[in-house]
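# Structure for the following, please:
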Amino acid sequence: MLKILGAVLVITAATLSGWIQARQYANRPTQIRKLILALRRLQTEIMYGFTPLPDALQRIGEQSGDPIKSIFTGASTDMNPPFNRTAQDSLQAAIESNWKYTAMKAAEKDVLNQLSFTLGTSDRKDQLGHIATAVRQLESEEAAAREEQNRYEKMFKSLGLLCGAFIVILFY
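As a prediction, the model looks like this:
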C-alpha cells in the first residue's frame, strides 16, 4: 500500500512539473502580446495624448494585466517624487525587479532595455519610431514563441508523465 502511494506521488509530482514547464511555453506568447499592446498604447499616449511619461506609464500599467502591469507601474512610481529617477533608470529597474515573474526570455528583455535608452530623451517623433521598432521586434519574438509553444508544450506535458512512470518502474 505504501509503495502504491509513493508511486502515485512520484507520478503526480513529475506530471505537475511537466505541466508547469508547458505552461511557461503557453504564457510567453500571451505576455509578449500584452507587452506589444502596452507599447502601442504608449505610442498613442505620446502621439495624441501629450501625457507626461510617468502618467502615461501609470495609465498603461493599470490597463495591462500582470506581470506587464508591474513593469510599467513600477517605472512610473520611480519617475515620480520622491525618487525622481530618469525614464531609463526607472524602466530598467522595473524590468530587473519584475522580470522573474514573467515567462518571457532574454530577447524580450533586451528589446525593453534598448527602448529604455531612448524613452524620454528625444522628441516625440523619434520616440514613436523607437517604440515602433520595439513593437516590430517583439512581434517577431511572438511568432518564435508561438512556434516554440506548438513544438514543446505538448511534449513537456507528456514528458512529465512519462518521466514519473519511468522513475516508478526503476524503483520497482
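
# ok, the closest residue to residue 34 other than its chain neighbours to residue 156 distance?
For residue 34, the nearest residue in space outside its immediate sequence neighbours is residue 68; the separation is 4.8 Å by Cβ to Cβ, 6 or more residues apart in numbering. Placement of C-beta: from N, CA and C, glycine included. Taking Cβ to Cβ, to the nearest Å as the criterion, residue 68 is separated from residue 156 by 24 Å.

# what do you get for residue 41?
Between residue 41 and residue 156 the distance, using Cβ to Cβ, works out to 33 Å.

# again, but for residue 72
With distances taken as Cβ to Cβ, residue 72 is found 30 Å from residue 156.

# Same drill for those two, tell me which one is more crowded.
Remark: of residue 72 and residue 156, residue 72 carries more neighbours, 26 against 18, as counted by other Cβ atoms under 10 Å.

# helix, strand or coil for residue 47?
Of the three states, residue 47 takes helix according to DSSP: H, G, I helix; E, B strand; the rest coil.

# Do you know the pLDDT at it?
In the predicted model, residue 47 carries a pLDDT score of 85.
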